[in-house]
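Engineer: here is a sequence with its predicted model. Questions after.
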Amino acid sequence: MMDSHLFNGLGNLKPEDQILVSRFGRGPSIPVPYPTIHQAFEAIVNSHPNVIAAKFCGKSITYAKLDAAANRLANHLIECGLRPRQRVCLVVQRSIEMLVGIFAVLKAGCQYAPIDGGVCSDQHLQYILTDTGAKFVLCLPRFEDRVKAFCGPEVSVKSLGREVEAFCPKSRPKLAVRSGDGAYAIYTSGSTGRPKGVDVSHGNVTNALLLEPGRLKITVGSHVGQVLNVAFDMGAWEILACLMNGGTLHIRGSNWEETLREIDTLIATPSILASHRRRSFPNIKTVVTGGEACPQSLADEWADDIFYYNICGPTEITILNSAHLHTPGKPLTIGRPLPNTNVYILDENDEPVPVGSKGVMWVGGAGVSKGYINLLELTVTRYTVDKFRKDGSMMFNTGDIVRWLDDGSLETFGRIDDQVKIKGFRVELDGVTAVIEKYPGITRAHTSVINGALYGFYTTQTLIDEEDLDNFVRQHLPYYSVPERWTYLPTVPLTPNGKVNRSQLSGMVMRRVSTISSSRRTSTFTTKDLYRPTTLSPVASVASRDPEKGQMDAEQITVSSNLSDFNASTTTVNGPLPPTLPEKNGFKGERWLRHRAFILYRRFFSVVVMANLAVAFFILYRRVKKERPMLADLATACAVNLTMAVLMRSEPVINLLFTIFCSVPTSFPLSIRRHCARIFHIGGIHSGCAIAAAMWFLFFACGASLDFAKPARFRCMSMETMAITYIVLLIFGAMIGMSHPTFRANHHDAWEMMHRFGGWTVLILLWCHAFLATRDLQFAPSIPMNAYKTSPPIWMLTVATMAIIFPWLHLRRVAVRSEPLSSHAIRLHFDYTTPVVGTSVRIAERPLIDWHGFATITNRPSDGPGFSLVVSNAGDFTKRTIDRAPTHVWVRGIPGCGVLRIATLFRRVVLVATGSGIGPCLAVILANRIPCRILWSTPNPQQTFGKEIVDSVLQTDPHAIIHNTRTMGKPDLKLMAWRLYKESGAEAVCIISNKRLTGGLLYALESRGVPAYGAIFDS
């Protein structure tokens, strides 16, 4: 019984492999409901005539009207002499007229050969028109003259959309069309050589697209995108699968996003899909990728909560021969054979290989096309009689290197023609590409051998250190498989069909090869080139931005050659500005002391330390001169410092201080306002008081220990007081030690947990300690309650406790509207309060575990009450927030003032931001109260943060400098900020960036007399 289900010709395999190979390689046997494409289409017309068949640029057509138009054109062509089983060239672009032409040709019993008139070269157009032997050509009016230039007088050229067939009957032509008759002829490999026409039959198509999974669950009510090139076989999948199954086809115009927002089913190549983010299109419920290898990360992103199919299949097998329904996190394969399809994996001797062994994939069954048009020798090479069925059917050599996995799915390792010899070793280029795409941050990669050297091309949305990338690849591949040279690309150039354009990459390298040293392994670019795209030729550059391939124009930097006259002060700029920064003021040592060592934060810290030293001398003086016990004074000093440390981080106190200092009117002298603006340095008071409190407690512990060492009748301190003292001392030590900037940066979560839970524990223990110590240290025996009422530490702890409890009294779970900007950023909208400009809020998903502060962006008055904030990918919490697009989050406290609250002190300012630093700046930008110039440096600003944010920046400052580091190189922010300050006549520069860059900018500007403000300490 088992043997009857085995393939023939498996004698070289073990019995168990024969069974598995036969089971895995045979797709389910399912009858096909209709033998021809147009019969399936007409069945939908009969049952749902008024359903919209297609939409394009505001126009739509129902199934009944599309059927009638196709019938009229078919009858017209037949009257003009078109005979069944002829080929008709269709020179078109996406349009409703294209659909009419396709079904008219099919209804006339003929085979259409689609040609994209917008991208096909003259040479290829002439070749296809000749090779098909077409006597009729249908084209859009704009291509008519071009087509006629390559057609002889015997060819009839018909222009679509001019209704020359209007008076022909709309009845269906009564022609006998069989399943084996030709349906379409797709010409492949047009980008690399002479195109090859593949002869595809009706039966090939109906088997692939009327049965699952190729049908993609399309039915009446489905909305399918027609976004691909019409001459690509996956473009035929979009059109025919939709219209044979009753869906509505949304034909793309020039705007990709507009179409993608209307559909629920998308078919694309990975290169095209990678240019769009899943969260931007929640309406899409089914996605298919094919045509080239798909990165696992791309599949994982798009497969969340939708049907995501990764398929494999050349045009010769009719679009697809296997499909894999992907689950995020699971291995990405090309799935299992389609219904009525057989897959064989053969070695170099065309013998089957065991399960788990690699070989070349051959495919037999209902999907195998007839062969190549007018290329008999090539057809005989690639097509052969299926020896495993012995029923006269054919099988085709796909050239894909695959193997069977234990679950019966196919794992792919690239193509046989991608196998090259490097240093005597066989290397599979697709395997190398797959490893490169696993490196964090890389979105797309490609490898190619050019002039005997292995090149690695990659695109990324983040800065990639090529040395790290090279080391990563070396850890996963043999040395001979590691690319010798790396090339960054802003986008991978694509062919009109959406696949990687290898010839363009080769041409790019050839134009640069003279600059590459062959004496050792080198990168093809310097450090600056990490930010700059590889230069393409003028022709290639245009092609790489062709919307036909899913690529938009490269994002540009907006910059005026003279940095604009927006808000410029003629008294500030006298003549042209120098091309370099002027010399710094003062001498080196003095500058370092003034702008590094003794910044206001450290001065506040120093004042606190010196004040505590003075108090320490005073306490010591009283102890020596007046023999006054010190322990009570030490406890009081500790409590005062601890309370001050807490208050300096309390939102009401912070807001009060900022409000007072930032209320100074702009009519006051700039020298006063410049000093008031440094109010954000009050963190120095917090740090100084916190460390002083710990030191006072240490002194108290030492004094208490000495006291406790006395005989019992002379000691004051009790055992329980001492126990709590040592416990608190240990926790204080841990909190201070973990607050070191290096530890905090590397172990932020541990630091935060220690500060929160350790702080609460210390607070409880300090309350116990205060009562016990007060009892122990009272001067005369009395009721402890009287001592408690007059104890300074208890009153100080009361104030500190109220300040700590205050934000938790405002703990709530609030609704939020998530607006995904990209895979790197999301914007969260709130309406529970309307904060003032320059504040921040803290949000959490686990209120007892982690809290994260973000700058608020107050809504414009026209947008109603509320605010928003921008979250960019900078850690686990932010990444989770971006991924889950929350509907509710926890908030506590009230919005607290931040560094940009000081902007109101100045008549005009320059805002400098890098990356997501634009978020805090947006509050000032959208408030539109202060004239400001804007300098924003970030990779791919519009792609990462969205068009709305970029437009908001440009609306405030039409000549803003938005520097795309990915395409424009690494900017000289110091020079650019200084020039903006000088030219605009601004009174201050506000900087929102990382600590290192902020510190460098502050020093560079302040040492040249420019008032610059930016937070470099987070206490």
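Structural biologist: Thanks, I have it. Numbers count the residues shown, from 1 in each chain.
Engineer: against residue 652, how distant is the most centrally placed residue in the chain?
Structural biologist: Among the residues of the chain, the one closest to the centroid is residue 823, at 3.0 Å (CA atoms, centre = their mean). Computed as CB to CB, to the nearest Å, the residue 823 to residue 652 distance reads 38 Å. Bear in mind the C-beta positions are built from the backbone N, C-alpha and C, glycine included.
Engineer: which residues in the stretch 101-250 of the chain form strands?
Structural biologist: If DSSP state E, counting those that start in this stretch is used as the criterion, the strands of the stretch 101-250 of the chain fall at 111-116, 136-139, 156-159, 182-188, 196-201, 223-226, 248-251.
Engineer: possible to save these as a markdown table with mean neighbour count, mean pLDDT and distance to residue 49?
Structural biologist: Shown next, in a markdown table, are the strands of the stretch 101-250 of the chain (neighbours: other CB atoms under 10 Å; pLDDT from 0 to 100; distance: least, CB to CB, whole Å):
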| stretch | mean neighbour count | mean pLDDT | distance to residue 49 |
| --- | --- | --- | --- |
| strand 111-116 | 25 | 95 | 24 |
| strand 136-139 | 24 | 96 | 25 |
| strand 156-159 | 18 | 93 | 26 |
| strand 182-188 | 24 | 92 | 24 |
| strand 196-201 | 23 | 94 | 28 |
| strand 223-226 | 24 | 96 | 19 |
| strand 248-251 | 25 | 96 | 14 |
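Engineer: could you list the domains of the chain?
Structural biologist: Listed domain ranges for the chain are 1-30+340-366+376-416, 37-257, 419-509, 595-714+721-739+750-768+791-805, 807-892, 902-1014 (source: the TED database).
Engineer: want to throw those into a markdown table with distance to residue 318?
Structural biologist: Putting the domains of the chain into a markdown table (distance: least, CB to CB, whole Å) gives the following:
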| stretch | distance to residue 318 |
| --- | --- |
| domain 1-30+340-366+376-416 | 8 |
| domain 37-257 | 4 |
| domain 419-509 | 16 |
| domain 595-714+721-739+750-768+791-805 | 57 |
| domain 807-892 | 34 |
| domain 902-1014 | 36 |
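Engineer: so which of those comes closest to residue 306?
Structural biologist: In this view, the domains of the chain are compared for proximity to residue 306 by CB to CB, and domain 37-257 is the closest at 11.5 Å.
Engineer: ends of that closest one, how far apart?
Structural biologist: End-to-end distance for domain 37-257, by CA to CA, to the nearest Å: 30 Å.
Engineer: and that domain, how far from the chain's centre?
Structural biologist: Once both centres are worked out by CA atoms, centre = their mean, to the nearest Å, domain 37-257 turns out to sit 36 Å from its chain's centre.
Engineer: with stretch 489-498 instead?
Structural biologist: Distance of stretch 489-498 from the chain centroid (CA atoms, centre = their mean) equals 18 Å.
Engineer: can you tell me the average pLDDT over it?
Structural biologist: Per-residue confidence for stretch 489-498 averages out to 76 on the pLDDT scale.
Engineer: before we move on, what about stretch 304-313?
Structural biologist: The predicted model gives stretch 304-313 an average pLDDT of 92.
Engineer: contacts for that stretch next, please.
Structural biologist: By CB atoms under 8 Å, 6 or more residues apart in numbering, the list of residues contacting stretch 304-313 from outside reads 213, 216-217, 278, 284-290, 294, 299, 302, 319-326, 328, 332-335, 361, 363, 367, 398, 400, 410, 412.
Engineer: quick one: which of those sit in strands?
Structural biologist: Using DSSP state E, the subset of those located in strands is 286-289, 322-325, 361, 363, 398, 400, 410, 412.
Engineer: any of these buried? List them.
Structural biologist: With neighbours counted by 16 or more other CB atoms under 10 Å, the ones in strands among the contacts of stretch 304-313 contain buried members at 286-289, 322-324, 361, 363, 398, 400, 410, 412.
Engineer: low-confidence regions, this structure specifically.
Structural biologist: For the chain, the stretches flagged by pLDDT under 70 are 1-4, 189-194, 417-428, 461-462, 478-480, 497-498, 511-579, 779-784, 967, 1017-1019.
Engineer: how about the residue in it that sits furthest from its center?
Structural biologist: Residue farthest from the centre of the chain, counting by CA atoms, centre = their mean, is residue 713 at 72.0 Å.
Engineer: so that residue lies in a helix, does it not?
Structural biologist: No - using DSSP: H, G, I helix; E, B strand; the rest coil, the secondary structure at residue 713 is coil, not a helix.
Engineer: in TSV, list the strands of the stretch 101-250 of the chain along with distance to residue 619.
Structural biologist: Formatted as TSV, those follow (distance: least, CB to CB, whole Å):
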stretch	distance to residue 619
strand 111-116	88
strand 136-139	98
strand 156-159	101
strand 182-188	90
strand 196-201	94
strand 223-226	78
strand 248-251	80
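Engineer: count of residues packed around the closest residue to residue 7 other than its chain neighbours?
Structural biologist: Computed as CB to CB, 6 or more residues apart in numbering, the closest residue to residue 7 that is not its neighbour in sequence is residue 388, at 4.1 Å. Neighbouring residues of residue 388 were enumerated by other CB atoms under 10 Å; the total is 23.
Engineer: before we move on, what about the one 5 residues further on?
Structural biologist: Close neighbours of residue 393, defined as other CB under 10 Å, add up to 14.
Engineer: measure it to residue 347 for me?
Structural biologist: 22 Å.
Engineer: just the strands in the stretch 351-500 of the chain please.
Structural biologist: Assigned strands in the stretch 351-500 of the chain, in chain order: 359-365, 371-372, 383-385, 394-404, 410-415, 419-422, 425-428, 442-450, 453-460, 485-488 (criterion: DSSP E, counting those that start in this stretch).
Engineer: ok, the fourth one: who's next to it in the sheet?
Structural biologist: Listed by DSSP bridges, the sheet partners of strand 394-404 and their directions read strand 359-365 (antiparallel), strand 383-385 (antiparallel), strand 410-415 (antiparallel).
Engineer: chain center to the second one, what's the gap?
Structural biologist: I take that to be strand 383-385. Relative to the chain's own centre, strand 383-385 is displaced by 45 Å; criterion: CA atoms, centre = their mean.
Engineer: tell me which residues of it come out buried.
Structural biologist: Residues of strand 383-385 classed as buried under the neighbour-count rule (16+ other CB under 10 Å) are residue 383.
Engineer: what lies in contact with it?
Structural biologist: Applying CB under 8 Å, 6+ apart, the set of residues contacting strand 383-385 from outside is 316, 368, 371, 392-397.
Engineer: let's go with 6 Å and repeat that
Structural biologist: With CB atoms under 6 Å, 6 or more residues apart in numbering as the test, strand 383-385 has contacts from 371, 394, 396.
Engineer: is residue 308 in a helix, a strand, or coil?
Structural biologist: Assigned by three-state DSSP, the conformation of residue 308 is strand.
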